[in-house]
Every structure is written in C-alpha cells, then in structure tokens.
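**Q** Curious how this folds, go ahead:
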Amino acid sequence: MIKFEHVSFQYEKDIPIIRDLSFTVGAGENVGLIGANGAGKSTIMKILLGLLPCEGRVTVDSMPVVKKNYPEIRKRLGFVLQDSDNQMFMPTVYDDMMFAPLNYGLSREEAEKRADEILEKLGLTELKHRYNHKISAGEKRMAAIATILAMEPEALLMDEPSTALDPMNRRTLIHTIRQLPQAKIIASHDLDMILETCSRVILLNHGEIAADGETKKILTDRKLLEANRMELPFCLQNAAGMDRGVS
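**A** Purely as a prediction, here's the structure:
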C-alpha cells in the first residue's frame, strides 16, 4: 500500500535527514518506526503526506505522492500529529470530529453516528461537547486520535501517539490500535507500546535503515539498540534486572 523507493531529503544543503530510504508497508500491516531523536521518523511521515519535497519515489496505493494526488492521498491517510494543539482547531471535540466527514460528503446524520460510535469505543463520550482549550493534554491526545478515526482512513500515521497519556488511556490506545484493521505506521520512543502493537519494526539511525524486521527480534537485541542510541523496552529491562537478581 505504501512504498518508498530510494528516498532522500535534506533541510539544508549537504545535511541529509533521509538517505536513500526504501521500504514498503502492506495493507493491514502495523509497523513501528523507531530511532533516537533526529533519526528521521517525523520527516518520513511528512514526506508521505506531501508536506515535504524529496528525491526518489513515494507511492500510496500505486499513486505517486505528487501535488495533483495530494487530496486523494490525504483522504486515505490519517495523520495523528505529535502536538495535538496543531491538530484540534475547532471549538469542541465533537466539532473537530464532524469536520472531515462532513467535508468528505457524509450527511450530518451519518457523521454524527460515526462520531458517537468512535467516542463510545474509546471511552470518550464525556468529552463530546467539551471545549478543546479546556481539556487536559492527555484528553486532547485521545480526542485527536478520535478525530482521525472519524475520517475512516485506509492507513494511519501516528507520531508519538502515547505522549501525555495516563496509564488507563494508554492502555485504551494500545487496545484500540490492535483492533483497528487499517495499516499503521507508528513513530514512537515508547518501545513498550510498539512491542504490544506492531508486528514489524523499522529502526532508523541518521536517516538510514539500521534494521527492518520482526518487532520482538529487534527490540530484544540489546547490542543492536545500543549501537543505534537506544535502549531495551522498560518491560525487558525490568525482566533482565529480575533475572540478574535471581542469579
């Protein structure tokens, strides 16, 4: 469904952010995009949406990511931004959830039904008519995710989706991600969440792919992670600590 072929990008001349990147994401596949700060995770998502120009070729459902295709591509891809304040722009949560479906041609009745179902599924019904500027950062994060789900995209791009969530909302997010049928690319430093939601991981280092494969295999490889400025997920660090204590 999503394909990068020899993609490169730089903000400044001779300072590459993405270097000759090639990978594919199939329909329904859950892929974790991991790497230290500056590895290029957010840049990849912006390139995919046509927000940044690049060298190479990027396609969504075989459609090149070029200007004439932006409307159709952005309809198929739902992007959960890292900063929810940049995503929630209507007065209330419900207004935000209704905005895209109504603009995509749904009737108000259909849009309301869809919004209500998503709010109930995420346990957010109480936020329905709350003003966006009066809810907490964690509530806004979940509301932003609900807004994207209301679009019913074919694939989800999620940039640090678990940021600012309390344990209960984080658990709801993980459960929701696992239940959704869409393909997903999830960029996150929360490796425990990636371990629970993604079957595959792409590990980036300075804009290049350091590893691409089964999540468990990569996230249990301490030497590989440390060589790329990362650490084991907390759950595995704790397990390793208990093993040392027992021995």
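**Q** ok, which stretches of the protein are helices?
**A** Assigned by DSSP state H, the helices in the chain fall at 41-48, 70-76, 93-103, 108-121, 137-149, 167-179, 191-197, 215-219, 222-227, 234-246.
**Q** partner residues bridging the residue nearest to the spatial centre of the chain?
**A** Residue closest to the average C-alpha location in the chain (CA atoms, centre = their mean): Met158, at 1.4 Å. Per DSSP bridges, the residues bridged to Met158 are Val80, Ile186.
**Q** residue contacts, it?
**A** Applying CB atoms under 8 Å, 6 or more residues apart in numbering, we find Met158 in contact with 80, 145, 177, 184-188. Heads up, the C-betas are built off the backbone N, CA and C, glycines and all.
**Q** Run through who's touching stretch 119-134.
**A** With contact meaning CB under 8 Å, 6+ apart, stretch 119-134 is reached by 88, 90-94, 96-97, 115-116, 135, 139-140, 142-143, 145-146, 149, 172, 176.
**Q** For Lys121, give me the pLDDT.
**A** For Lys121, the model assigns a pLDDT of 87.
**Q** how much space between it and Thr176?
**A** Applying CB to CB, to the nearest Å, the value for Lys121 to Thr176 is 7 Å.
**Q** Could you report the neighbour count for the closest residue to Met1 other than its chain neighbours?
**A** Spatially, and ignoring its direct neighbours in sequence, Met1 is nearest to Ala27 (4.8 Å; CB to CB, 6 or more residues apart in numbering). Counted with other CB atoms under 10 Å, residues neighbouring Ala27 total 12.
**Q** do Cys198 as well
**A** By other CB under 10 Å, the residues close to Cys198 number 26.
**Q** low-scoring pLDDT stretches of the protein, where are they?
**A** 239-247 (pLDDT under 70).
**Q** Now stretch 216-232: buried residues?
**A** 218-221, 225, 228, 230, 232 (16 or more other CB atoms under 10 Å).
**Q** what do you get for stretch 154-172?
**A** Buried positions in stretch 154-172, judged by neighbour count with 16+ other CB under 10 Å: 154-165, 169-170, 172.
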